[in-house]
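Student: Let me see the structure of the following:
(chains A and B)
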Amino acid sequence: MGDAEPLIRWDWIGRNLPSIQQQALDHLIMAVTPVLLGLVLALPIGLACARWRALYQPTVGLMNVVYSLPSLVVFIVLLPITGLAERSTVIIPLTFYSLAVLIPGVVDGLAAVPDSVRQSAVAMGFKPMRRLVRVELPIAVPVVLAGVRVAMVSSISLVSVGALIGRGGLGYQFIDGWQRQFYTPIIVGIVLIVVMAVLADGLIVLAQRLLTPWARARRGT
Amino acid sequence: MNWLTDFFGDPANWSGPSGIPVRLLEHVEFSVVAFVLAMLVAIPLGLLAGHTGRGGVFVVGAANAARALPTLGLVVLIVLLVGVGTTWPVLVPLVALAVPPILVNTYEGVRGVDADLRDAAYGMGLRGGQVLVKVAVPVALPLILLGLRLAAIQVVATATVAAYVGLGGLGRFIIDGLATKDFPSAIGGAVLVAGLALIVQLAFSLVQRVAVSPGVSRRVTVR
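Tutor: As a prediction, the model looks like this:
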């Protein structure tokens, strides 16, 4: 490839569209699953930490340790158990990263519920479970979703590292481009990953607006 | 666990240009340079936006978009474009990785300082810049340090990717090990990187304990 090689060969993209779509779908599955799993696990863990504060420091400490392990490192440690080029090898570590981001979000979100609000709910006769679901969790939504935004965008970006162990969705474009010294797949991969992340982020912001109508009402006054 | 003793017990891994000490030094060098550059970019911007209250939406939005940039892709692209030979191709993606958490946390930290506290500081005759340095920064320090810690850990963890394009660092043990099916080397490299990240984690908890004023101990998390 001399200097004549253009940055992007559109005809290559056209010819490889089916495989790019396939990888994008694979990428999306490996990126979104960990965040959803993380959220499902973070809610009960976060609730437990909010109720029994003594649990919080050890849990966060453990999660900090998990967070500091490089994804490539965890992939490698998991390889003998889950196998090369398996989705789960990518999904498991990313689930732990999501948890590390989401647990503090759930705890901080619940801590952000003003005491007066909690007492009002009790005074109105709300039982603990109903108070949690109808009052406390809705108020915690913005803080929790702020965590979900970070977890989702990082997860979409991190999946590509999985390409080094044979399962990285669009990250495979980077390996392909590097091995053939060919720009187009690399640029396609970067652009699609960033676009996917920005779209996912936008969807979460939209969800937040729908889940917290009162926030807009208050801003209007 | 034989893998670990195979790797760390082999004296050949401890010397020469591809030994553990040299690779460790390379890894630390990339990480420190990238981290310092990211601080120089992100802290002033975050302080400015947080203090003036302007550009907040832009700061948070741009930082979130930057988080999406895949480091592996950037490293590969930049090295293809400019060639190997210097280490800066790996610095650009690492700086891009480290800027968002520092920027967002600095911005949120300074912006979140209690308005009454600011008013009191102005009332005592402090000027804008003094309020920022003497009041806002100390109050925002826990959040700023959290941002720095997250950035530092991500940089140390991600610098492993540099090895894929033939640059040095601890990632070489992992990537070369994977390529040659030398699992002791891959696992050994992984353990070294994880250890380094944990040391960074510990160092920041120490700094936090020493630097943050005892009066400022609310716990808030922004990432």
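Student: tell me what the top helix by length along chain A is packed against?
Tutor: Scanning chain A for the longest helix, with DSSP state H as the assignment, gives helix A:17-51. Contacts defined by 3 or more Cβ pairs under 8 Å, 6 or more residues apart in numbering or on different chains; DSSP states H and E place helix A:17-51 against helix A:56-68, helix A:87-111, helix A:137-158, helix A:171-179, helix A:183-211. C-betas here are computed from N, CA, C, even on glycine.
Student: Report the inter-axis angle for the first one versus helix A:87-111.
Tutor: Right, helix A:56-68. 140 degrees (axes from the mean of the first three to the mean of the last three Cα atoms, to 10 degrees).
Student: buried set for helix A:56-68?
Tutor: Across helix A:56-68, burial judged by 16 or more other Cβ atoms under 10 Å in any protein chain shown covers A:56, A:59-60, A:63-64, A:67-68.
Student: Pick out the most distant pair among those.
Tutor: Largest separation among these by Cβ to Cβ: A:56 and A:68, giving 18.6 Å.
Student: Is stretch A:153-167 positioned near chain B?
Tutor: Yes. Using Cβ under 8 Å from any Cβ of the partner chain, we find that stretch A:153-167 touches chain B at A:153-154, A:156-157, A:160-161, A:163-165.
Student: Spatially central, which residue of chain A would that be?
Tutor: With distances taken as Cα atoms, centre = their mean, the residue of chain A nearest its centroid is residue A:152 (2.5 Å).
Student: Is it correct that that one is in contact with residue A:31?
Tutor: Yes. With contact defined as Cβ atoms under 8 Å, residue A:152 counts as touching residue A:31 (7.4 Å).
Student: Mutual contacts of the two, please.
Tutor: residue A:200 (Cβ atoms under 8 Å, 6 or more residues apart in numbering or on different chains).
Student: List the contacts of residue A:93.
Tutor: Listed by Cβ under 8 Å, 6+ apart, the contact partners of residue A:93 are A:69, A:71, A:74-75, A:78.
Student: roughly how far apart are it and residue B:7?
Tutor: Remark: distance between residue A:93 and residue B:7 (Cβ to Cβ, to the nearest Å) = 21 Å.
Student: likewise residue B:72?
Tutor: In terms of Cβ to Cβ, residue B:72 sits 24 Å off from residue B:7.
Student: quick one, which of those two is more surrounded?
Tutor: residue B:72 (29 against 22; other Cβ atoms under 10 Å in any protein chain shown).
Student: where does chain B dip in pLDDT?
Tutor: Across chain B, the ranges flagged by pLDDT under 70 are B:1, B:84, B:215, B:217-223.
Student: Let's see that with 50 instead.
Tutor: B:219 (pLDDT under 50).
Student: And the helices in it?
Tutor: B:2-8, B:20-52, B:56-67, B:71-82, B:88-111, B:115-123, B:128-130, B:137-158, B:171-179, B:183-211.
Student: Could you export those as TSV, including distance to chain A?
Tutor: Formatted as TSV, the helices of chain B follow (distance: least, Cβ to the nearest Cβ, whole Å):
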stretch	distance to chain A
helix B:2-8	10
helix B:20-52	11
helix B:56-67	5
helix B:71-82	4
helix B:88-111	9
helix B:115-123	17
helix B:128-130	27
helix B:137-158	3
helix B:171-179	6
helix B:183-211	4
